[in-house]
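[1] Predicted structure and sequence below. I'll ask about it afterward.
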Amino acid sequence: MHSLRSQFPILKTSVHNKPLVYLDNAATNQKPLRVINAISNYYIQQNSNIHRGVHALSQQATESYEHVREQVKTFINAKHSHEIIFTRGTTEAINLVAYSFCKKFVSSGDEILISALEHHSNIVPWQMACEEQGATLKVLPMNLNGELMTEALPQLLSNKVKLVAIAHISNALGTVNPIKKIIDAAHQLGIPVLIDGAQAVAHTKVDVQALDCDFYCFSGHKMYGPMGIGVLYGKEQWLESMPPYQGGGEMIDEVTFKKTTYNVLPFKFEAGTPNVGDVIGLGEALRFISDTGISTIAETEEVLIKYCEEQLLAEGGITLVGTPEKKSGVVSFLIDNVHPYDAGTIIDRFGVAVRTGHHCAQPVMDFFGIPGTIRASFAVYNTKAEIDVLIKAIQQVKTMFC
């Protein structure tokens, strides 16, 4: 563990004169030095625009950029590399599908189905699309454990539903959703399914062909990579049939003042100068995950979650929010009647970074009738000793407020 933690320079820093305990990984996780160096080396040695240049730097940068597309294809087991679209992150990937798919395939009277566990980024784009197209947004409910009530699917799925959009893992509660079951149920009626994988790709093996999902979205910065880069995977037949999301350079085939024809996949959906340096950083993050082992990451985090929940319950006066049978990455809780923001402020003085609030999942908090939670979220570099520091901070919160 020491050798792994040593790869993350920020973990050696202090906050309020105390060693940093970083437990906000669901918001973004920290970056190993190899990812930081990969980005830096691109700007030092290769910086150039790609695809359009015949000079050496452009060709080198293009090769590095497109190599990462192949890496992503392998990492999630996509069938074709041209099914991998680089975006700014999960949010843009979802918005791309919400715009392009719905413009082509959703009309007045149609429906889109999401779940009660979604992040705002997997709610608002569909609300906007429904408003634009005259469609209706339907919601798959959850129970008090924070688990989706899949028994309601037969009543919600019909030929009116044109797309289902579901999170793989809840960012607010850590619930691992039964996405394969949902995908299979939707496909029985020929309904495509988009999976928001932002909270999943760094915690569990993702195989898009085995899942048979139609779209899968994720962000680099939540899988040890840089901010500002993400991925949309889409099945070839859907991407071919959808109109472009943005216009400009790279996504064109031929432009005249009378008409423009569009480029082939994946370039049809990658308008403008791409984020080459961060794509290269993403590639190094994928190598870090592969070298560490996704099973090792999952096992480490499972131990941490169990230990954290045990220590919180042993402390007393703490309520866990979300107790699903299958959980990954996240422990959400409340301390007696202390407001999460107040608790988070005191916890921060111990050098512990946790997230407080609604976690961009206000409907989840409304369901439980609370303003928000304190969320501790884990990565492979976290330790039980850091959880012990969190417990000491919570003890101080209780001394001050309870």
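    Done, it's in.

[2] list the buried ones in stretch 95-111?
    95-102, 106, 110-111 (16 or more other Cβ atoms under 10 Å). To be clear about C-beta, it is placed using only N, CA and C from the backbone, and glycine gets the same treatment.

[3] could you redo those as a markdown table and give each row secondary structure and distance to residue 326?
    A markdown table is the format used below for those (DSSP: H, G, I helix; E, B strand; the rest coil; distance: Cβ to Cβ, whole Å):
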| residue | secondary structure | distance to residue 326 |
| --- | --- | --- |
| 95 | helix | 28 |
| 96 | helix | 29 |
| 97 | helix | 26 |
| 98 | helix | 28 |
| 99 | helix | 32 |
| 100 | helix | 32 |
| 101 | helix | 29 |
| 102 | helix | 31 |
| 106 | coil | 31 |
| 110 | coil | 32 |
| 111 | strand | 28 |
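
[4] from these, which single one is nearest residue 387?
    Nearest to residue 387, judged by Cβ to Cβ, of the buried residues of stretch 95-111 is residue 95 at 36.1 Å.

[5] And that closest one, how close does it get to residue 211?
    22 Å (Cβ to Cβ, to the nearest Å).

[6] likewise residue 255?
    To residue 211, residue 255 is 38 Å away according to Cβ to Cβ.

[7] Between those two, which has more neighbouring residues?
    A direct count of neighbours by other Cβ atoms under 10 Å for residue 255 and residue 211 places residue 211 higher, at 19 against 11.

[8] Off-centre distance for the host helix or strand of residue 310?
    Taking DSSP states H and E as the definition, one finds residue 310 inside helix 294-315. Relative to the chain's own centre, helix 294-315 is displaced by 20 Å; criterion: Cα atoms, centre = their mean, to the nearest Å.

[9] Residues contacting that helix from elsewhere in the structure, which ones?
    174, 202-205, 289, 318, 320, 327-331, 333, 376, 378-380, 382-384, 387-388, 390-391, 394-395 (Cβ atoms under 8 Å, 6 or more residues apart in numbering).

[10] just for the stretch 251-400 of the chain, where's the confidence low?
    Low-confidence segments of the stretch 251-400 of the chain (pLDDT under 70): 252.

[11] 80 - rerun?
    Within the stretch 251-400 of the chain, the stretches with pLDDT under 80 are 251-256, 260-263.

[12] cool, the stretch 101-250 of the chain as well?
    Applying pLDDT under 80 to the stretch 101-250 of the chain flags residues 249-250.

[13] Spell out the residue ranges of the strands in it.
    Using DSSP state E, counting those that start in this stretch, the strands assigned to the stretch 101-250 of the chain run over residues 111-115, 136-140, 161-167, 193-196, 215-219, 230-234.

[14] Need these in a markdown table (columns: distance to residue 308).
    Shown next, in a markdown table, are the strands of the stretch 101-250 of the chain (distance: least, Cβ to Cβ, whole Å):
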| stretch | distance to residue 308 |
| --- | --- |
| strand 111-115 | 25 |
| strand 136-140 | 28 |
| strand 161-167 | 21 |
| strand 193-196 | 24 |
| strand 215-219 | 24 |
| strand 230-234 | 28 |
